[in-house]
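Build the 3D model from these lines:
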Amino acid sequence: MAHAPLLLGADHAGFALKETLKTALRRSGIPFQDLTPVFTEGDDYPPIASRVAKEVGRSGGLGVLVCGTGHGMDVAANRRKGIRAIVARTPEDGVIAREHNHANILVLGGRVTTPRRAAAIVRAWLHATPSRAERHVRRVQQLDA
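Prediction:
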């Protein structure tokens with residue numbers, strides 16, 4: 001797990017799920033910083049994803065983004081060099097993305113992920129460790145080139 005607080009961000013379609021995740025994170029003792037603490041009807045996901053991605057890149061920490069399906073935030077976050085954002089639908093998705101791809105931003109869909117499933121995905125992703133296997137390191141280096 002990262003030493004820096006987990007950075008959170010959500011648009012209007014992911015805000016409610018992000019709020020439930022904050023409760024689960026508090027219960028688990030996981031420090032976080034919410035970069036979108038106020039609900040804004042009809043806000044746009046690209047600036048939110050960009051802000052979280054910028055801070056993750058700067059801090060070397062981890063982030064969680066939530067929008068309607070996760071795909072918009074995923075595309076927007078991955079535009080920033082050094083960011084490896086992935087959409088996860090299952091805890092296994094999160095683990096493999098963290099281990100094999102060294103994912104530093106987890107993206108969830110507020111309209112398609114239950115709070116219980118989201119908490120399980122975040123927990124699994126946070127407890128996974130990036131693989132140091134040569135093939136995984138080589139592939140991540142290619143992504144970051």
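
For the rest of this, base every contact and every neighbour count on C-alpha atoms.
Noted.

quick one: low-confidence ranges for the chain?
By pLDDT under 70, the low-scoring segments of the chain are 1-3.

Can you list the residue ranges for strands in it?
Counting by DSSP state E, the chain has these strands, from start to end: 6-10, 32-34, 63-67, 85-87, 105-109.

Would you mark the buried spots in the third one?
Of the residues in strand 63-67, those scored as buried under the neighbour-count criterion (16 or more other Cα atoms under 10 Å) are 63-67.

what comes into contact with that strand?
6-15, 17-18, 45, 49, 52-53, 56, 73, 104-111 (Cα atoms under 8 Å, 6 or more residues apart in numbering).

repeat that with 7 Å
Contacts with strand 63-67, where a contact means Cα atoms under 7 Å, 6 or more residues apart in numbering, come from 6-11, 13-14, 18, 49, 52, 56, 73, 104-110.

what about that strand, distance to the chain center?
Relative to its chain's centre, strand 63-67 lies at 5 Å (Cα atoms, centre = their mean, to the nearest Å).

can I have that strand written out in CSV, keeping just the CAs?
Output of strand 63-67 as CSV, limited to C-alpha atoms (Å, rounded to 0.1, in the frame of the first residue of the first chain):
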residue,chain,number,x,y,z
GLY,A,63,-5.8,6.9,-6.6
VAL,A,64,-9.4,5.8,-7.1
LEU,A,65,-11.7,7.4,-9.6
VAL,A,66,-15.4,6.9,-10.0
CYS,A,67,-17.7,7.9,-12.9
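
So what are the sheet partners of it and their directions?
Strand 63-67 has the following strand partners under DSSP bridges: strand 6-10 (parallel), strand 105-109 (parallel).

can you give me the helices for this structure?
15-28, 45-59, 71-77, 91-101, 115-127, 134-144 (DSSP state H).

Okay, Thr129 and Ile86: tell me how far apart.
15 Å (Cα to Cα, to the nearest Å).

That's all I had, so thanks and see you.
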